[in-house]
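A.B. asks: sequence below, structure please.
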Amino acid sequence: MESSENLETSEIRIKAIFFDFDGVLTQDKTGSITTLRYLSQVTGVEFNKLREAFRDHNDDLNLGRTTHSAIWPVICDKIGFQIDIGLLPAAFESTPFNEGMLRLASNLRHNYSVGIITDNKKDRMDHLKAHANLSALFEPIVVSSEVGGDKESSLIFEFALNHLGVFPHECVFIDNTESNLTVPSALGINTIYFDEEMNDLRGLIETLQESYEVNVAGAA
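C.D. replies: Purely as a prediction, here's the structure:
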């Protein structure tokens, strides 16, 4: 577990902890893997064929410049198969949550603001907010497709900070992609890299406790 300590430990007073969504709160590295795996299993279309069809649209979906509905005819034409767009809600619901991480977030919520910052599709996150009741645990849930900026820019992080009225050094951001930590770290946000394959929850808890004096009593 690696962390970037932007202030001396004695000066850190954490008020908010932000989680990435896919690969941190879920077991799949990306939401595209989750969605396309389900569509492949249900339709019989090869996963790699689906991934190639969606590849050119992924950034636009994540930045809110297009929607699944708008690109669906193009996707179906490219793969040569008509997939019912009505399969998408079930594909979103196939998301394999990391139950241990959700328990940690629930525990932290007693003493800290707990939010999500994610590069994601609007319809997927809207559906999961309701289906998985994410809004009951996380506030805010900041989605790239809603704010028009992903983790390569400061916009999505500044939106989260402004929403809670906290300073960067008062926050921790946890992500499973190291490159996604560059911008928040430059802003002064404390960052932690989480390897979704190792899923080292105990290591994460130790980092939160030892590096940032976060109270995680009762977390597993």
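A.B. asks: where does the residue nearest the centre of the chain fall, phi/psi-wise?
C.D. replies: Centroid check for the chain by Cα atoms, centre = their mean gives Phe21 as the closest residue, at 2.1 Å. When read as degrees, to the nearest 10, the backbone of Phe21 gives phi -90, psi -80.
A.B. asks: per-residue pLDDT, it?
C.D. replies: Looking at Phe21, its pLDDT reads 98.
A.B. asks: now it: how far from Glu196?
C.D. replies: Distance, Phe21 to Glu196, by Cβ to Cβ, to the nearest Å: 11 Å. Where you see a C-beta, it was placed from the backbone N, CA and C, and this is true even at glycine.
A.B. asks: so for stretch 58-74, mean pLDDT?
C.D. replies: 98.
A.B. asks: go on, stretch 128-138?
C.D. replies: 96.
A.B. asks: mind listing what's buried along it?
C.D. replies: For stretch 128-138, a neighbour-count test (16 or more other Cβ atoms under 10 Å) marks Leu128, Lys129, Ala132, Leu134, Leu137, Phe138 as buried.
A.B. asks: quickly note the distance from the third one to Ser94.
C.D. replies: As defined by Cβ to Cβ, Ala132 lies at a distance of 12 Å from Ser94.
A.B. asks: out of the buried residues of stretch 128-138, who's nearest Lys49?
C.D. replies: Looking at the buried residues of stretch 128-138 and their distance to Lys49, the nearest is Leu128, at 25.4 Å (Cβ to Cβ).
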